[in-house]
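J.: Pasting the sequence and the predicted model now:
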Amino acid sequence: MKLIRFLLFPFVIFYGCFVVIRNSLFNLNIIKKNKTNIYSIGVGNLSLGGSGKSILVDYLISENLKTNIISVISRGYGRKSSGFILANSKSNALEIGDEPFQYLNKYPKIKVAVAEKRALAVKKISKLNANIDLLIFDDIMQHRSILTNHLIITTTFNNPFFKDYLFPAGNLREFRIGRKRGNTILVTKCPKYLSIEDRVRFSNNLRLFSNQKAYFTTISYSETIINSIKKINLQKIKNKKITLVTGIADSSDLLIYLNSIKITFNHLKFRDHFNFDQKAILKINKKAQHTIVLTTEKDYGRLSPLLKSDNLFYIPVKLSFFSKKEETEFNKRVKSFV
């Protein structure tokens, strides 16, 4: 690994110079930053993926759905379209991207928009939906033309940004100092049992600024798998053949969970945001042979129109805090910065 990083060092210098120049242009206001006229929460990270952003966005929607009229704005990574699109009941994952489709499918009352230029999306959303009073930006940190009221930076417990290196020697999109722009650091995918001492030690390594606070969370998988027509408790399929299909950045937590409850499965792993084609579907069908195919909630949106099987299920996942007190404090905090 050290040899690889050494060989990639010249590319790191080139990419690092680009990052520094770009961020300097924004910091000096040479490139304009647009503050939204609607209260906005941004979700982002320093790394290339797999830090729990989409699970956090899902959590923020569910927590604020009863009190706010919400619009989620995303780039729509991996979509086959371009430009601004306001999603509707006929939208699919190929048109708007897997994560936006997941939010739309799960929360049909919210407005979901995708656009490469998020500032343009805000203007159009404001005109089309005057009642919206909360914007949630998915993966916004490096899209610096938007200045959110509150920016949450996610980092995983096992692969935190303070142990990582700048791309391509590592997985960081920008230097660690970029964390300064965040209001809150959310540590995701923590072990279920994490002592106060371990949290303090981790927080010290984050090197928080005076205006920042860190919160620690785990992810919890459901005991029930779901598709469009039925639900099944995992305990009822312990002795059945299962094919697990994933196309996400990090599926390790799901594997650990399934193994912990003694579920036997064959795993077909595809790259993050993989656009399943006919070749992939044939591979899945050959492996599954008309038995249960289990996938993630994010992958389900891309798989279900193609696989067209009553045996395709997804497993819900949610964000969990270590205490109700911390969760309440977090939710109050993210809506207190103006």
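T.: That came through, no problem. Numbering: from 1, shown residues only.

J.: So which residues make contact with stretch 312-329?
T.: With CB atoms under 8 Å, 6 or more residues apart in numbering as the test, stretch 312-329 has contacts from 52, 55-56, 58-59, 188, 190, 194, 215-222, 224-227, 232, 234, 254, 292-297, 299-300, 303-304, 330. For glycine as for every other residue, the C-beta is placed from the backbone atoms N, C-alpha and C.

J.: what about the stretch 101-250 of the chain, any weak spots by pLDDT?
T.: Scanning the stretch 101-250 of the chain for pLDDT under 70 picks out nothing.

J.: Strands of that one, start to end?
T.: For the stretch 101-250 of the chain, the strands defined by DSSP state E, counting those that start in this stretch cover 111-114, 134-138, 146-147, 150-156, 184-188, 213-221, 224-226, 231-233, 242-246.

J.: What are the contacting residues of the fourth one?
T.: What that stands for is strand 150-156. For strand 150-156, contacts defined as CB under 8 Å, 6+ apart pick out 40-47, 50-53, 56, 140-141, 161, 179, 181-189, 206, 250, 333-337.

J.: Can I get stretch 18-29 as PDB, trimmed to CA atoms?
T.: Output of stretch 18-29 as PDB, limited to C-alpha atoms (Å, rounded to 0.1, in the frame of the first residue of the first chain):
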ATOM      1  CA  PHE A  18      -6.600  21.900  -8.300                       C
ATOM      2  CA  VAL A  19      -8.500  21.500  -5.100                       C
ATOM      3  CA  VAL A  20      -6.600  24.300  -3.300                       C
ATOM      4  CA  ILE A  21      -7.100  26.700  -6.200                       C
ATOM      5  CA  ARG A  22     -10.800  25.900  -6.500                       C
ATOM      6  CA  ASN A  23     -11.500  26.200  -2.800                       C
ATOM      7  CA  SER A  24      -9.500  29.400  -2.600                       C
ATOM      8  CA  LEU A  25     -11.700  31.000  -5.300                       C
ATOM      9  CA  PHE A  26     -14.700  30.200  -3.200                       C
ATOM     10  CA  ASN A  27     -13.100  31.300   0.100                       C
ATOM     11  CA  LEU A  28     -12.100  34.700  -1.400                       C
ATOM     12  CA  ASN A  29     -15.600  35.100  -2.900                       C
END
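
J.: If you average the pLDDT over it, what comes out?
T.: On average, the pLDDT along stretch 18-29 is 95.

J.: returning to that earlier point: dump the strands of the stretch 101-250 of the chain into CSV; add mean neighbour count as well.
T.: Formatted as CSV, the strands of the stretch 101-250 of the chain follow (neighbours: other CB atoms under 10 Å):
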stretch, mean neighbour count
strand 111-114, 26
strand 134-138, 25
strand 146-147, 20
strand 150-156, 24
strand 184-188, 23
strand 213-221, 18
strand 224-226, 17
strand 231-233, 12
strand 242-246, 23
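
J.: and those strands as JSON lines, adding distance to Asp272?
T.: Formatted as JSON lines, these follow (distance: least, CB to CB, whole Å):
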{"stretch": "strand 111-114", "distance to Asp272": "18"}
{"stretch": "strand 134-138", "distance to Asp272": "15"}
{"stretch": "strand 146-147", "distance to Asp272": "24"}
{"stretch": "strand 150-156", "distance to Asp272": "14"}
{"stretch": "strand 184-188", "distance to Asp272": "16"}
{"stretch": "strand 213-221", "distance to Asp272": "17"}
{"stretch": "strand 224-226", "distance to Asp272": "22"}
{"stretch": "strand 231-233", "distance to Asp272": "27"}
{"stretch": "strand 242-246", "distance to Asp272": "9"}
